[in-house]
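**Q** only the shape, not the letters, is given here:
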RNA sequence: GGGGACGUAGCGUAGCCUGGUUUAACGCGAUAGAUUGUCGAUCUAUAGACCGCGGGUUCAAAUCCCGUCGUCCCCG
């Protein structure tokens, strides 16, 4: 069964329009996935997401493995039912947490030994276990294998080891994915993740080997981890050129509105990023004429909406002055309204 | 009528006893930035007090002394 259709290519850039078919429906790309790490896009309900036009979200296997854990999600009959989200879900493996929670873990070729950031309990993640959890327990539409993501800057030797390990894990993930029975009638998708830090030869080797193994889509990880913006553009643009055009391309963890435009022009189709929701909770709104830090005093008596031309729930009903007041008072509605606006903006973009 | 405590940025306090590295410190608040596979988090800056007021002692006073105003408490 074909899970991907490329139906239009831009003439002046590498941008394209595609369709991805998942167990919970088709999505059109380019697409932005709001981040719902712990089975919730923070502050937003399923209905809020529908109202923003969201077709797919991201959740995180590592976080959900720790809490609420396998048993509860199984009883709920999968992540979609548990969180009442009927559309596609992509789950991240926890590879990024290997990086972001690095003082609690030890990485080896076998997998990752780590302590829960919640209660200190010791766990071991193997690539196989991570696939099983996403495929059979969560019932993810798009599954990401365990990978090893490194910080910038990173010595080449270290970057090479992490890349080789990511490849090894990718191979084992594919094996595990293919040998286990399908949990859902439609085909769940498994993506490969290109690592290799900022080294073109490492990135190239990783991409080529992943393509040999064969995945339903290809992600580029290990970007926006502290490197200068221009370098991120260079790396991601180069890697996009190494990936097959008949598969979706996913740039993980990116980014700002400008980053997305740049990446779409380079041929990427799928994105996720905490920026719209995180900044939403911190009072920063995105508009086509720039960012607004709604906490700023200049908005205290500005009774216009965040963006006059925006059709989101927040802009249709509330003013900048009111939202500033909410932030100023620590009221939770503010977090939600700006999150709604930013998600709507990103989806529109 | 008698006795006592306290007045230091918008708010809450430290420093006073034992005067001098104090350009008066800290927390909250304010103002402005950061935030890229999550963060109701955190970080970074900036502004803001001539130490209630007046006088005195001293080379030197937020600090010691006198007076005064204000706030609070206790006794009658």
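**A** Thanks, I have it. Just so we're clear, the structure is a prediction, and the values are computed from it rather than from any experiment.
**Q** next, the buried residues of stretch A:313-323.
**A** A:313-315, A:318-320, A:322-323 (16 or more other Cβ atoms under 10 Å). Bear in mind the C-beta positions are built from the backbone N, C-alpha and C, glycine included.
**Q** show the end-to-end separation of it, please.
**A** 13 Å (Cα to Cα, to the nearest Å).
**Q** separation between the closest residue to residue A:123 other than its chain neighbours and residue A:322?
**A** Once flanking residues are discounted, residue A:123 sits nearest to residue A:114: 5.8 Å by Cβ to Cβ, 6 or more residues apart in numbering. According to Cβ to Cβ, to the nearest Å, residue A:114 stands 43 Å off from residue A:322.
**Q** could you do residue A:342 as well?
**A** 17 Å.
**Q** same question for residue A:231.
**A** Counting by Cβ to Cβ, the gap from residue A:231 to residue A:322 is 41 Å.
**Q** got the contact list for the closest residue to RNA strand B within the stretch 1-150 of chain A?
**A** Evaluated by Cβ to the nearest atom of the strand, the stretch 1-150 of chain A has residue A:149 as its residue closest to RNA strand B, separated by 2.8 Å. By Cβ atoms under 8 Å, 6 or more residues apart in numbering, the contact set of residue A:149 is A:95-96, A:98-99, A:162, A:195, A:221-222, A:225.
**Q** now for the residue nearest to residue A:14 when sequence neighbours are not counted: which residues touch it?
**A** Distances taken as Cβ to Cβ, 6+ apart put residue A:267 closest to residue A:14, at 3.7 Å, once the chain neighbours are dropped. By Cβ under 8 Å, 6+ apart, residue A:267 lies in contact with A:14-16, A:240-241, A:243, A:245, A:249.
**Q** what do you get for residue A:168?
**A** residue A:109.
**Q** let me know the helix or strand that it is in.
**A** Assessed by DSSP states H and E, residue A:168 sits inside helix A:156-179.
**Q** in that helix, which residues are buried?
**A** For helix A:156-179, by 16+ other Cβ under 10 Å, it's A:159-160, A:162-167, A:169-174, A:176-177.
**Q** from those, which is closest to RNA strand B?
**A** Nearest to RNA strand B, judged by Cβ to the nearest atom of the strand, of the buried residues of helix A:156-179 is residue A:166 at 8.8 Å.
**Q** confidence score at residue A:40?
**A** Note on residue A:40: pLDDT of 98.
**Q** and for it, the neighbour number?
**A** 14 (other Cβ atoms under 10 Å).
**Q** cool, the one 10 residues further on as well?
**A** Burial measure for residue A:50: 14 neighbouring residues, criterion other Cβ under 10 Å.
**Q** what helices and strands are in contact with the helix or strand harbouring it?
**A** Using DSSP H and E, residue A:50 sits within helix A:46-51. Judged by 3 or more Cβ pairs under 8 Å, 6 or more residues apart in numbering; DSSP states H and E, helix A:46-51 is in contact with helix A:332-348.
**Q** again, 10 Å this time
**A** Packed against helix A:46-51 by the contact rule (3 or more Cβ pairs under 10 Å, 6 or more residues apart in numbering; DSSP states H and E) you find helix A:313-317, helix A:332-348.
**Q** tabulate these in TSV, adding columns for mean pLDDT and distance to residue A:68.
**A** Output for the helices and strands packed on helix A:46-51, formatted as TSV (pLDDT from 0 to 100; distance: least, Cβ to Cβ, whole Å):
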stretch	mean pLDDT	distance to residue A:68
helix A:313-317	98	29
helix A:332-348	98	23
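**Q** the stretch 101-250 of chain A: strands as residue ranges?
**A** A:105-107, A:112-115, A:122-125, A:142-143, A:189-194, A:217-220, A:249-251 (DSSP state E, counting those that start in this stretch).
**Q** now render those as a markdown table, adding mean pLDDT, mean neighbour count and distance to RNA strand B.
**A** Compiled in a markdown table, the strands of the stretch 101-250 of chain A are given as follows (pLDDT from 0 to 100; neighbours: other Cβ atoms under 10 Å; distance: least, Cβ to the nearest atom of the strand, whole Å):
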| stretch | mean pLDDT | mean neighbour count | distance to RNA strand B |
| --- | --- | --- | --- |
| strand A:105-107 | 90 | 16 | 13 |
| strand A:112-115 | 91 | 19 | 12 |
| strand A:122-125 | 92 | 15 | 12 |
| strand A:142-143 | 98 | 27 | 11 |
| strand A:189-194 | 98 | 27 | 5 |
| strand A:217-220 | 98 | 26 | 7 |
| strand A:249-251 | 98 | 28 | 9 |
